[in-house]
Every structure is written in C-alpha cells, then in structure tokens.
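Novice: Generate coordinates for the sequence data below:
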Amino acid sequence: MQRRTFLGTAFAAGLVPVRGLGQGDAEDFTTLAQRLSRQPHRDPAMQLAPPFDNLTYDSFRAIRPAEGGAAGLPLGGGVSADLLPPGFFFRDRVAIEIERNGEITPIGFDPALFSYGARYFDSPPQMDDTARAEMGFSGLRLRSAYRQLGVSDEFFVTQGASYFRTVSRQTLYGLSFRALAIGTGGGAPEEFPVFTRLRLREGSDGQARLEALIESPSITGAATFAISPGEPTVTDVDLVLFPRVTLDDVGIAPLTSMYLKGALRAAVSDDFRPRVHDSEALQIINGAGERLWRPLSNPATLQISRFADDGPRGFGLIQQSREFADFEDPEAAYHKRPSAWIAPRENWGEGGVMLVEIPTADEFHDNIVAFWRPGEPLTAGGVYRYSYRIFTGASPVPLPAPRVRIAQSRSGLVHDAPGYLQYVIDFHGDLGADLYPTVTASEGEIAGVSAYPVAARGHLRVGFRYAPGAAEAAELRLVLRDASGTPQSDVWLHRWTPARDGGP
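Specialist: Reported below is the predicted structural model:
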C-alpha cells in the first residue's frame, strides 16, 4: 500500500494527525529521551473525559477497537495494529504514531474509533475537540496470520506502564515483560516507568517494528523492538537509558509472572488443581556455562535472591509442565502458558540475576519477578545501553541442553521423622552411565540421599531428607556428577524457608 493510500484510508476512518506538535517531536526517541532527561519529569496521567473516567472492569472490556477505526491498521508485511482505549486502570496518556516512507503520522484520539457494548453504554460517547486533545490511548496490540493462514491473531500487546507481552504459535499469553524495573522488591515504593509514545514502523516478512519513549521521575529512555512471531516468537530489544538521578536498584529485562502452588509445598493453597502457575522455575546459564534450575516458590514472607554472575549467557522463567493433567484447568489453560528466555546480545559484565518471590493467597496477582541487576549503579547524567533477545514459546531456550535435565521437583513432610522434609527430584535425558548425586545445604542437615530409576517415567529419581533445625533460611543445592566428579546435569537450587504454619 502506498503512503497516500494508507493515509487516505486512515483519515477516512477518523485517524487524524495531531496538530500543533512541538519542535523536535519527529526526532528519534533516543535523542528525545536524552533531551527530556535534562528537564523536569512530566506527569503522563491524562484528564479522562466521560465515560472513560468512570469505567468498571466489565464496562472497560466492552469498549473495543472498531473495524475501520482503531482496529486493523495495516503496517505492511502482513502485520496490523489495534489501538487500545484508556480508562479503568489505564490512565497514562500514550501517544501513538506511524512512520511510513520516512513520514511520521501521529494519531489523534477519537471515541468514534471504538465500539461500545450496548449493555453498558446507551449510545457512543460524544466528545468536543478540547476533550479529545486531552485524551490518548493506553497501548496497542499487533496481529498477523502467524498461526493460521487467513486468521489474524495477536502476538504482541503493550498496555500499562512499560509492560508488554508476546505469545508464540503453540502458547497463550502468560507472563509479562517490562522495559525497566526500578526499586522492585526494595523497601521504598517501586517506580514504574511509562511508555509515553509509541512509534510503529513499516514491517516486512511478518516482522513488526516498534519504538517506545520511556519516562519516569528517575530516568528516561528509548527502546526499539523487532518482533518475529512464530514458535518461538523472537523479539530483539535495544534499550538506551538516561538516568536523572543515580540508581542502584535498576532491573534490566524484567520478567513478571505468577506462582501460587506446585509440587513443592503443594499445601500452600487448598485448591483442587495440582498446580497453579504461569511459570514454575527460574533457569540461568551463567557466564561460566553452569546451568542453574531454581524452582519457584510462594513463600510465607518476601524472598529476594541474587545469583551473582559475570557475562550471563541467559536467564528466563520456564513453564515446563505441558500436560493438561498437570493443572486440570480447562479455563486458565496453564499448560499452554509460555516460557520466556532473555539472551544478552553483548557482554553485560558483572552483576546478578535477581529473583523476587512475593507471598500471595490467590492466582490473580503476579508475585514473581526476575531481572538482571548491573554490578554498578547507573549514575545521573550517564548513558547506558543494553541489547538482548527475548525468546517466547513452549521450549524457547536456544542453547544446547545438558546431558541430564531436571524433570520435576517435589517435597513433603516425613511423618516418621518429625522436623524433616523429604525432597524428590527427577532427572531425564542420557541416563546410561553411572551418576552420583551431590547434595549440600547452607544450614541444617541433609540425610538419606539416594538415587534410583523410576521405570514408569524413564527418570532417575534423587531423594533426600532435610532437617532445617534452628535455621531461618537455607540454600539447598543438588547436582549429578559422573565417576570423575564432572557435573552432568542442571544444578538444582532451592531456598528453604519456614512454612506458613511455622513448620519445616
């Protein structure tokens, strides 16, 4: 489609360019972010006009991008965009523009771009020019026929702060990403940077291209995304940051997920389903090539773990259980939630992967966050760049697997030995040679280590008992070695903390 044809279609649908943009609004977002970092922070919250100022969960969901309006904006390469309305929780103004053939067209907000469910709206809302000028969008989603020819499906959405999600051909939406985390898990209130402008670029061969301007009181920045949907969906991210103040609690490439219960301490929630989680483990391949596998937990108290590293090869939140019987939930379909892997495209140097586990009593609140924290603070006035690739899918880790991999982890009380827990970790893979478990604990006592085959599953099962004694927390570690002492498996890690009833 030629630019003139596209713009004619857009204007006929009500997508009109925003008039009166200030000087420099067409400049690249990196230059703009650096300039804004030298100015006072501007509040992105917008003045919402009725009925957007008083929406409930249900009435907000009843507002949808309309065909010929905010739905199906063609971007080339088989990709289209839907613009999302403001309201309910989404009150930060997001300006959206489209760049084609070097020409930037900002899109003005108009309530006529959306359809309104008759159950909640007597008639489509009317809005004067002044009210429309105050309004913006809350985000957008991208579509293409990447699953089935002729069927346009979502593969990317961003809505709220700097959150975004991607999905693959074999999975449904699950965990979320963020452009940046500030103060996550700390004692002070967390700061949530906002995508204040999104610039859609012309796509090609099914790949979507998007730029975002990031603003918050402490920092500004710009991010570019090149998204190729498939199995897995691959997203290249380039991030540049301009701190206004020195920050020592920044999280790069944050992943946000939910873990209520699983086979480790299943009694944490009295629920008919055997598992309830979007992700079940944090996996890390560190700079030394060691593969770490840390099952997630829903602890009794906030837990923050740091995995020190130098030049990480990657990390991610993994949903390994893929059978319906693992969850018994046809509505949530947790067995189809994606795993996500972060692969740096450069050497990130010294720092650590951080894992934040927050207690939760239900599945409606994300309580798991993982991200990279640089070893040195980001200093005011500096310029910091990070490039990485996100793999989203059923099995997205792009690096070769070890000879022996962790299949599942379980635990429970030992009824004939009060004060002890029984841990059972199953391994699968190349189990032909003799393998010997090494189990250690930073506090407490390990006893009864054994390894034996489970013929029904084709697994090697390692079991051991653990007594924490007077410990308040302990780090458990298990690895399988060959006869020479060389590690042959993932390294299983687990942080023990007291149960919610105070028991082991």
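Novice: C-alpha only now, for contacts and for neighbours.
Specialist: Fine.
Novice: Next up, the contacts around the nearest residue to Pro299 once chain neighbours are set aside.
Specialist: Spatially, and ignoring its direct neighbours in sequence, Pro299 is nearest to Pro359 (5.3 Å; CA to CA, 6 or more residues apart in numbering). By CA atoms under 8 Å, 6 or more residues apart in numbering, Pro359 lies in contact with 298-302, 367.
Novice: quick one, phi psi at Pro359?
Specialist: Phi and psi for Pro359, reported as degrees, to the nearest 10, are phi -60, psi 140.
Novice: just Ala266 next, same as before
Specialist: phi -60, psi -20.
Novice: Could you do Tyr57 as well?
Specialist: phi -60, psi -50.
Novice: quick one: contacts for it?
Specialist: With CA under 8 Å, 6+ apart, Tyr57 has these contacts: Phe88.
Novice: Can you tell me how far it is from Asp92?
Specialist: 17 Å (CA to CA, to the nearest Å).
Novice: next one: Phe371
Specialist: For Phe371, the distance to Asp92 - CA to CA - is 24 Å.
Novice: What of Thr56?
Specialist: 17 Å.
Novice: and if you look at Arg457?
Specialist: In terms of CA to CA, Arg457 sits 51 Å off from Asp92.
Novice: ok, these two, which is more surrounded?
Specialist: Asp92 (25 against 12; other CA atoms under 10 Å).
Novice: who touches that one in this structure?
Specialist: Applying CA under 8 Å, 6+ apart, the residues near Asp92 are 44-46, 86, 138, 160-161, 194, 196.
Novice: Please repeat the previous calculation with a cut-off of 6 Å.
Specialist: By CA atoms under 6 Å, 6 or more residues apart in numbering, the residues touching Asp92 are 44-46.
Novice: separation between it and Pro111?
Specialist: 17 Å.
Novice: tally of neighbours for Gly485?
Specialist: Around Gly485 there are 11 residues (other CA under 10 Å).
Novice: and it, which of the three is it?
Specialist: coil (DSSP: H, G, I helix; E, B strand; the rest coil).
Novice: What sits closest to Ser489 if chain neighbours are left out?
Specialist: Nearest to Ser489 is Val404, by CA to CA, 6+ apart, at 4.5 Å.
Novice: so what's that neighbour bridging to?
Specialist: Beta bridges link Val404 to Gly429, Ser489, judged by DSSP bridges.
Novice: That one and Leu431 touch, don't they?
Specialist: No: taking CA atoms under 6 Å as the definition, Val404 is not a contact partner of Leu431, at 7.0 Å.
Novice: These two: who's more crowded?
Specialist: Neighbour count, other CA under 10 Å: between Val404 and Leu431, Val404 has more, with 20 against 16.
Novice: Pull the contacting residues for the more buried one.
Specialist: 428-430, 489.
Novice: again, only using 10 Å
Specialist: By CA atoms under 10 Å, 6 or more residues apart in numbering, Val404 lies in contact with 427-431, 435, 459-460, 479-480, 487-490.
Novice: Name the next helix or strand following the helix or strand bottoming out on mean pLDDT in the chain along the chain.
Specialist: None of the helices or strands of the chain scores lower by mean pLDDT, DSSP states H and E than helix 3-12, at a mean of 35. The first helix or strand that comes after helix 3-12 along the chain, using DSSP states H and E, is helix 29-37.
Novice: Summarise which helices and strands that next one is packed against.
Specialist: Under the contact definition 3 or more CA pairs under 10 Å, 6 or more residues apart in numbering; DSSP states H and E, helix 29-37 sits against strand 194-204, strand 207-215, strand 219-228, strand 233-243.
Novice: ok, so what distance separates Leu149 from Gln422?
Specialist: 50 Å.
Novice: same question, Phe121
Specialist: Counting by CA to CA - Phe121 and Gln422 are separated by 57 Å.
Novice: Could you do Ala370 as well?
Specialist: 28 Å.
Novice: Which of those two has more residues huddled nearby?
Specialist: A count of neighbours by other CA under 10 Å puts Ala370 above the other of Ala370 and Gln422, at 27 against 18.
Novice: got the contact list for the more buried one?
Specialist: Contacts of Ala370 (CA under 10 Å, 6+ apart): 177, 181, 184, 251-257, 282, 304-306, 315-317, 353-357.
Novice: and stretch 288-304, what's its mean pLDDT?
Specialist: Averaging pLDDT along stretch 288-304 gives 96.
Novice: Any chance of the backbone angles for the residue of the chain positioned farthest from its centre?
Specialist: For the chain, the largest distance from the centre (CA atoms, centre = their mean) belongs to Asp416, which lies 42.2 Å off. Per-residue torsions, Asp416: phi -90, psi 0 (degrees, to the nearest 10).
Novice: still on that earlier bit, with respect to Leu172, which of the helices and strands packed on helix 29-37 lies nearest?
Specialist: Nearest to Leu172, of all the helices and strands packed on helix 29-37, is strand 233-243, at 11.8 Å by CA to CA.
Novice: partner strands of that closest one, parallel or antiparallel?
Specialist: With DSSP bridges as the test, strand 233-243 pairs up with strand 219-228 (antiparallel), strand 384-393 (antiparallel).
Novice: In TSV: those strands, plus distance to Ala325 and mean neighbour count.
Specialist: Below are the strands paired with strand 233-243 laid out as TSV (distance: least, CA to CA, whole Å; neighbours: other CA atoms under 10 Å):
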stretch	distance to Ala325	mean neighbour count
strand 219-228	31	23
strand 384-393	20	21
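Novice: okay, the residue nearest to Ser489: pLDDT?
Specialist: For Val404, pLDDT reads 94.
Novice: how close does it sit to Phe324?
Specialist: Counting by CA to CA - Val404 and Phe324 are separated by 25 Å.
Novice: Could you check how many residues crowd around Val157?
Specialist: For Val157, using other CA under 10 Å, the count is 21.
Novice: quick one: contacts for it?
Specialist: Contacts of Val157 (CA under 10 Å, 6+ apart): 81-84, 139-143, 163-167, 173, 176.
Novice: related to what we said a few turns ago, can you redo the strands paired with strand 233-243 as TSV with mean pLDDT and distance to Phe272?
Specialist: Shown next, in TSV, are those (pLDDT from 0 to 100; distance: least, CA to CA, whole Å):
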stretch	mean pLDDT	distance to Phe272
strand 219-228	98	38
strand 384-393	98	27
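Novice: Quick one: those strands as JSON lines, columns for distance to Pro40 too.
Specialist: Formatted as JSON lines, the strands paired with strand 233-243 follow (distance: least, CA to CA, whole Å):
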{"stretch": "strand 219-228", "distance to Pro40": "11"}
{"stretch": "strand 384-393", "distance to Pro40": "20"}
